[in-house]
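[1] below are the sequence and a predicted model; questions follow.
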Amino acid sequence: GAGVSQSPSNKVTEKGKDVELRCDPISGHTALYWYRQSLGQGLEFLIYFQGNSAPDKSGLPSDRFSAERTGGSVSTLTIQRTQQEDSAVYLCASSLTASGGGNTDTQYFGPGTRLTVL
Amino acid sequence: AQTVTQSQPEMSVQEAETVTLSCTYDTSENNYYLFWYKQPPSRQMILVIRQEAYKQQNATENRFSVNFQKAAKSFSLKISDSQLGDTAMYFCALRNTGNQFYFGTGTSLTVIP
């Protein structure tokens, strides 16, 4: 497909379990972003990758959250020992570059993964 | 620290009319980028318009335009000739020099036929 894809689209898990969320960016996009959107809230920036590197991980809410990107393409966001407050929609976006002119930094968003922690 | 504030949780406009969505922000940086994103009920977020802070000229994209007031740290979005397809959540966002994004809490816009 031509757009950003995310899987699964919905995930229901029990408190204390680990979950892994996947993002497939647009081919050729070097920058990849993860956000969290809680009900009725704006987007909370979690982390971004330039290539396989994450220059700043300070947006991750706790040490239960981690993310990696391999081959400059697919990224996974892992949440360990999930808590009920982790319930949210997790959005992924990609852009041609992280910064630059000519709209190369325009982010294209995926449809999100709705995570529900029971 | 950067913050983005959208003080209008909900707005409505008659079809074909004009509506302005407000956004204010706070940053100590001089070079940054501002964005308006649209999130329709389908949930997929799409970019509406972007503005580089170093450019004084207000950005325009067809029926969408911004009023960027750098000194006042204000970045409002004007939608002209509103259409039913404009019904969505609209988010204002700021990107700092560290490529971190800060989003407002959104404005839910309803276009009334």
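    Yep, that arrived. Numbering: from 1, shown residues only, chains lettered A, B, ... in the order given.

[2] going forward, measure contacts and count neighbours with C-alpha atoms only.
    Will do.

[3] so A:T104 touches A:S95, yeah?
    Yes - using CA atoms under 8 Å, A:T104 makes contact with A:S95 at a distance of 6.7 Å.

[4] which non-adjacent residue is nearest the closest residue to chain B within chain A?
    For chain A, the residue closest to chain B is A:G42, as judged by CA to the nearest CA, at 3.9 Å. Nearest residue to A:G42, sequence neighbours excluded (CA to CA, 6 or more residues apart in numbering or on different chains): B:T105, at 3.9 Å.

[5] who's in contact with the one you found?
    Contact criterion CA atoms under 8 Å, 6 or more residues apart in numbering or on different chains gives A:G40, A:Q41, A:G42, A:L43, B:T5, B:Q6, B:P9, B:F91 as the residues in contact with B:T105.

[6] for my notes, confirm B:A72 occurs in a helix.
    No - the secondary structure assignment for B:A72 gives coil rather than a helix, going by DSSP: H, G, I helix; E, B strand; the rest coil.

[7] ok so, going back, make CSV from the contacts of B:T105 and add secondary structure and neighbour count to it.
    Formatted as CSV, the entries for these read as follows, by DSSP: H, G, I helix; E, B strand; the rest coil; neighbours: other CA atoms under 10 Å in any protein chain shown:
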residue, secondary structure, neighbour count
A:G40, coil, 9
A:Q41, coil, 13
A:G42, coil, 23
A:L43, strand, 23
B:T5, strand, 19
B:Q6, coil, 22
B:P9, coil, 14
B:F91, strand, 26
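
[8] closest one of these to A:C23?
    Distance ranking of the contacts of B:T105 against A:C23, using CA to CA, places A:L43 first at 16.8 Å.

[9] which residues does that closest one contact?
    Here A:L43 is in contact with A:Y35, A:R36, A:Q37, B:Y102, B:F103, B:G104, B:T105 (CA under 8 Å, 6+ apart).

[10] pull out the buried residues from those residues.
    The neighbour-count test (16 or more other CA atoms under 10 Å in any protein chain shown) marks A:Y35, A:R36, A:Q37, B:Y102, B:F103, B:G104, B:T105 as buried among the contacts of A:L43.

[11] sitting in strands, which of these do you find?
    Secondary structure of the buried ones among the contacts of A:L43 is defined by DSSP state E; positions in strands are A:Y35, A:R36, A:Q37, B:Y102, B:F103.

[12] for the second one, name its beta-bridge partners.
    The one in question is A:R36. Beta-bridge pairing of A:R36 under DSSP bridges involves A:E44, A:Y90.

[13] gap between stretch B:19-31 and the chain center?
    Relative to the centre of its chain, stretch B:19-31 is centred 9 Å away, using CA atoms, centre = their mean, to the nearest Å.

[14] what of stretch A:86-98?
    Distance, stretch centre to chain centre, for stretch A:86-98: 4 Å (CA atoms, centre = their mean).
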